[in-house]
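Enquirer: Below: sequence and its predicted model.
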Amino acid sequence: MNLKVGDKVVVISGKDRGKEGKITKVLRQENRVIVEGVNVCKKHIKGNGQTPGSIEEIERPIHASNVMIVDPKTGKRTRIGHQVNKDGKKVRVAKKSGKELD
């Protein structure tokens, strides 16, 4: 998986298609990512003697194949490639513009 925490991505399929957000967590074993503001569900929390019950909105994971990284130069979605830079370090690059990703 070529995605990292902090990457800006756009959802390409599903009920949230077209939404953009940053990746907050990467679940490598399951090949899923959690994107802020995407795939939001309501969770009912049962109250006890000290705290009242409540309904929280949480972001659920989506499959990594349903998101694409946003090109920092053009602002459109792009694929990710790999190159070796001048320092001899392997870096990720945007396929459309060739610009290095963080």
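Expert: It's in. Numbering: from 1, shown residues only.
Enquirer: ok, now how distant is residue 2 from residue 23?
Expert: 11 Å (Cβ to Cβ, to the nearest Å). Every residue, glycine included, has its C-beta placed from N, CA and C.
Enquirer: neighbour count winner among the two?
Expert: More crowded of residue 2 and residue 23, by other Cβ atoms under 10 Å: residue 23, with 20 against 12.
Enquirer: Roughly how far does the more buried one sit from residue 78?
Expert: 15 Å.
Enquirer: just residue 99 next, same as before
Expert: Separation of residue 99 from residue 78 (Cβ to Cβ): 9 Å.
Enquirer: neighbours around the closest residue to residue 66 other than its chain neighbours, how many?
Expert: Excluding the flanking residues, the one nearest residue 66 by Cβ to Cβ, 6 or more residues apart in numbering is residue 13, at 4.9 Å. Residue 13 is flanked by 12 other residues according to other Cβ under 10 Å.
Enquirer: now for the longest strand along the chain, which elements pack on it?
Expert: Counting by DSSP state E, the longest strand found in the chain is strand 20-27. The helices and strands touching strand 20-27, judged by 3 or more Cβ pairs under 8 Å, 6 or more residues apart in numbering; DSSP states H and E, are strand 8-11, strand 32-35.
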